[in-house]
Structure formats: C-alpha cells, structure tokens
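Student: What follows is a predicted structure for the sequence shown.
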Amino acid sequence: GVEVYANTTNSSITAYGELHAEGTVASPIEFGINPSITRNCNQGWWNGIQSSTPNMGDEPLLLRNVSIWGTRRVVSSGCSGYYNALNTNYFGRSNSFSALDNLTIYDGGYVHFESSDYSASWQINNITIHNMSGYVYHYSNHFRNRCNGGSWDGKVTMTDINQVNLQYVGYYSTSTTTSYCHNYESSVSNWTFDRINQMYIDFDSYYSGYPSANHPMFIQGDFTEVNYLDIEAYRYGSYHTVVRDSTFTESRIRFAPSQYSTAHMNIINNTFVDSQVILYAQSQSSTTDLILEESSFSSTKAPTTGGSWTDYYIDGNSYGKWIIQNNTFAPANGWKNLRYTYNIGNMRAPYNWWGSATNTTIDGNINDYLDSNGGGWVNYSPFWTSAAMTQLDWNGTSPSIVPLPRSVSGTLIFNQTMSLNNSPYYLIGPLSVAPGVRLTIDSGVQVYANTTNSSITAYGELHAEGTVASPIEFGINPSITRNCN
C-alpha cells in the first residue's frame, strides 16, 4: 500500500543491494510523481528504478503488485523528453532470484528487460506496459533459467508505445534443456501488442540444437495497429525460422529471411485482418525455402492511407523466391490480394482461394506482369474454386496467351509478338527483353517512342523481319512536336 513519489526531476532509485516491493492485489505499491506537482516542461518527471555495480544480494528485485509511472515529460505540455522507468540488467546476478509479478509501467520513457548474468532466475507474471514515449527492449537470450515461473510466454501486454525491440526471440525455442526448463519454448510468444508505432523482432542466433524443420526458432503473438512491424531472421545463418499461429490486425508487417542462400522462413497459420505483408528476400538459392501458407487475409474497412501503405494484402515483394500457397483471400472494402513488382523472375502462388473462381476477377486483384507494372508474373495455377478448397482449376491466366499491349515498357519475361493488327506500338519508357526471351515484330509494324527515355535493350532476342513491301519502322510518335525538350 506504500506510495513512493518523486519530488525532483533527478529523483531515481538505484539498488546496489536489494529492492523488495511486494504489494498485494488489494494493496498495491506505487512509484510515481508527487500528485501535488504541476507537470510541465520544467518539472514532473523522474528517472525510475535500476541497479548498478558493484552489487550484492541473492534476491535483488522483487516487484509484486507494483505500478511505475511518470518517467517522461508530460505529453500535453508541448515538450518532449523521456527517461528510464525500469532497467533490470544489473538485478540479474549470479544464481540470484528476482520476480516481476503483476507489474504495470505507464506514462513513461523506456524499459529494459535484461539480465547481466544469465544464470539468474526470474519469476514472471502479468506485465502490462502502456503509454510510453520511448521504447521497450527485451533480450530473450538473457533469461536462460525458465524454472520457478521464469517463462515469459503469454505474460506481457503492451499498448500505446512508440517503439518495441525484441531481440533473440527464438533463442531457446530450439532447446529442451531440462535444467533450465526450456521445453522448446520461444521467449516472447503469445504476447499482446496494441497501437505500436514501430516494432522490431529479431531472431538472431540460437542456444543449442541447430534450428530444424521439427524444432525451428519461432514466435507467435497478437498484433493490433502496429504501424510498422519488422520480423527478421538471423541474417548470418541458414536456420529454420517460423512465424505461426498469430493474429495481425491493422498492421503492416515486413518479413525478412537470412541473407544466406540456404535460409528457411515459414509464415504459417496466421490471420491477417486489414493488414499488409511485405515479403523480402536476398540470395536464397532454393525456391522452396521461403513460404507463406495456410493463412487468411480479410478486411473490415478500407485500407489505411498515408505512409507506405497500399491497398494490397501482400505487396513489396523484392524477390520471386517466396511461395504463397494454401491461403484464403477475401478482397473487399478496396483491398486487393497481391502485387508483385520484382522485374526478374516469376512468383509461384498455387493452391490459394483468391475470393473468386473467375479468372478475370482473380486477375483484377493481382497486379503483376499482366498489368505492365514492370514486374514479373504471378503464376496462381492451380487455384481453389471455392473457400471449401475441395476442387482445383488449373487454367489460370498465363502471359503466353495474353497479347502485348500497345503501350509498352518494363521487362518482357515471356516470348511476345508485336502484331500488325495491333500496330502501332508505343514505347512509354525503357523496354528490355530478358535473357532467353524473344520479341518478334511482324512485317509492317510501327514502333513509336512516346518518351525521351524510351529504348529497347535485348538481353534475349529481337527479331524484326520486315519485307520490301511491308517494312518495320522504329521512330518517334508522329503526333509529338519535336523540340529541345
């Protein structure tokens, strides 16, 4: 029931020994600002709780039924500034025991969940953090001992936070070490996040047991209104990393695998509502290692506008080595299914329910080579003809049966013909013919440039075989007035 209030901006608590604040549900303990102080740009904040060295104590930190608040300048004052609310680093001491039990942190700056000695035992239960102007850091690899209630799984809720950084999130999900009660559990799974401005989740390296398909590094959680969420595999390893059984609502998520050519990343059994996925890749040599599958995409309202948001569930695909399969899409409220803009190679997207069994409708919700967007082709055959996923149709639209449009630019990745009955053709920018691809131009065809950056670059073949009676012409659109511009 004790209230501990800061009267000055340089107030703080540093425990070189032990801090035991053990309240009850009926009589909690409060650390904050003296309510009699008018909070403005000059007063009304403090510097929170931490430990330092040299230190001593076998039970360094016991926080039970505790609230910590007021470690930022008041937001309504028009000034900014935020400070430490809680830093657990030096409370983690050799073979020590600490507890964070029914802890609430709010109206503050930043929080560091760290443990300087990995042998320390921590008891974790019901941590709530909200209204933070700074950031929250959590280093999963610091909390090795999961016994005595040391699991973080499902124990944390964060709301209205500027930035969240979760490091080494799958560190112990590859380990079954019984002495530390790991049991292949991911450190930060089943946490809840709501209204986060920026969030970074890094898998980084592993503890023991090389991550495999049976025991991958993984994470799962509930994400709502996360403006930008970056989920990144350990960039220097070829481990199996998985994001599974999660719900993403009104969130924009970038998935990035390792830069290694043999890296594996699997996005499986997730629910995306009013959310956008950006698929990223690097030098993967295999086309079966990056998979988004068994997930659902739906909407309840129009796409978010502003920033980097677009109206596609899946967008920004920087490489065609991702496979999108066995998913269900419900394009509605202005949302479309997929845009693929990478200009080398095609994307495989088989065995999906696209919200329609009609090719023209499916094509209208996929933006790719067929839309002359400069990117490759999304091969969505075969596709399911209903949401029940009981019957397949193998007749998806293919570029090989789609005539070349009269206005062209970008990269041709399939053999194409400029036919006389569609002449003249207009170059609206650089046109390139990919290696192994042939552009055939029929006799009598006229190819006119509409822009000054128009050109034709053939990495493959260019066959323009006119006749004396019906020659082929490359030149400027006759309707353009030629001048210095």
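Tutor: Yes, it's here.

Student: three-state assignment of residue 36?
Tutor: The three-state label given to residue 36 by DSSP: H, G, I helix; E, B strand; the rest coil is coil.

Student: Kindly provide the distance from it to residue 44.
Tutor: Computed with C-beta to C-beta, to the nearest Å, the distance linking residue 36 and residue 44 is 11 Å. From N, CA and C alone the C-beta is placed, and that goes for glycine too.

Student: Between the two, point out the one with more neighbours.
Tutor: Set side by side, residue 36 and residue 44 show more neighbours around residue 44, with 18 against 7, by other C-beta atoms under 10 Å.

Student: And the top strand by length along the chain, what does it pack against?
Tutor: Identified as the longest strand of the chain according to DSSP state E is strand 121-139. Packing contacts for strand 121-139, counted by 3 or more C-beta pairs under 8 Å, 6 or more residues apart in numbering; DSSP states H and E, involve strand 97-108, strand 110-113, strand 156-167.

Student: Can you lay out these as a markdown table showing distance to residue 18 and mean pLDDT?
Tutor: Formatted as a markdown table, the entries for those read as follows, by distance: least, C-beta to C-beta, whole Å; pLDDT from 0 to 100:
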| stretch | distance to residue 18 | mean pLDDT |
| --- | --- | --- |
| strand 97-108 | 9 | 98 |
| strand 110-113 | 19 | 98 |
| strand 156-167 | 24 | 97 |
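
Student: nearest to residue 205, of the ones you listed?
Tutor: Go through the helices and strands packed on strand 121-139 one by one with C-beta to C-beta and the one that ends up closest to residue 205 is strand 156-167, at 10.4 Å.

Student: Can you list the buried residues in that closest one?
Tutor: Burial within strand 156-167, assessed by neighbour count using 16 or more other C-beta atoms under 10 Å, is assigned to 156-159, 161-167.

Student: Number of residues surrounding residue 338?
Tutor: Applying the criterion other C-beta under 10 Å, we find 27 residues in the vicinity of residue 338.

Student: Okay, and the residue lying closest to residue 307 once chain neighbours are set aside sits in which element?
Tutor: The spatially closest residue to residue 307, leaving aside those adjacent along the chain, is residue 227, at 7.4 Å (C-beta to C-beta, 6 or more residues apart in numbering). Using DSSP states H and E, the element containing residue 227 is strand 221-232.

Student: Sheet partners, orientation included, of the next helix-or-strand element following that strand?
Tutor: Sequence-wise, the next helix or strand downstream of strand 221-232 (DSSP H and E) is strand 240-244. The sheet places strand 240-244 alongside strand 217-219 (parallel), strand 264-268 (parallel), with pairing taken from DSSP bridges.

Student: quick one: low-confidence parts of this protein?
Tutor: In the prediction, the chain carries residues with pLDDT under 70 at positions 77, 260-261, 282-288, 316, 318-320, 344-345, 400-401.

Student: any chance you could read off phi and psi for the closest residue to residue 271 other than its chain neighbours?
Tutor: Counting by C-beta to C-beta, 6+ apart, residue 247 is the residue found nearest to residue 271 once chain neighbours are left out, at 4.6 Å. According to degrees, to the nearest 10, the main-chain angles of residue 247 amount to phi -120, psi 130.

Student: Could you look over the strands paired with strand 240-244 and pick the most buried one?
Tutor: Each of these was scored by mean neighbour count; the highest is strand 217-219, a mean of 24, by mean count of other C-beta atoms under 10 Å.

Student: Can you report how many residues neighbour the closest residue to residue 300 other than its chain neighbours?
Tutor: Once its chain neighbours are removed from consideration, residue 300 has its nearest residue in residue 274; the separation is 5.9 Å (C-beta to C-beta, 6+ apart). Residue crowding around residue 274 was assessed by other C-beta under 10 Å; the count is 21.

Student: Check the spacing between residue 274 and residue 421 real quick.
Tutor: In this structure, residue 274 lies at 45 Å from residue 421, with C-beta to C-beta as the measure.

Student: rewinding a little: the residue nearest to residue 271 against residue 274, yeah?
Tutor: No - between residue 247 and residue 274 there is no contact under C-beta atoms under 8 Å: 11.4 Å.

Student: residue contacts, residue 249?
Tutor: Contacts of residue 249 were listed using C-beta atoms under 8 Å, 6 or more residues apart in numbering, and they are 223-225, 273-275.

Student: Apart from its neighbours in sequence, what residue is nearest residue 16?
Tutor: Among residues not flanking residue 16 along the chain, residue 55 sits closest, at 4.8 Å (C-beta to C-beta, 6+ apart).

Student: And what about the one you found, helix, strand or coil?
Tutor: Assigned by three-state DSSP, the conformation of residue 55 is coil.

Student: Surely it and residue 90 touch.
Tutor: Yes - counting by C-beta under 8 Å, residue 55 sits close enough to residue 90 to count as a contact (5.8 Å).

Student: out of the buried residues of strand 156-167, who's nearest residue 128?
Tutor: For these, the closest approach to residue 128 (C-beta to C-beta) belongs to residue 157, at 5.0 Å.

Student: got the contact list for the closest one?
Tutor: So residue 157 contacts 127-130, 191-194 (C-beta under 8 Å, 6+ apart).

Student: from those residues, which would you call buried?
Tutor: Neighbour counting by 16+ other C-beta under 10 Å classes 127-130, 191, 193-194 among these as buried.
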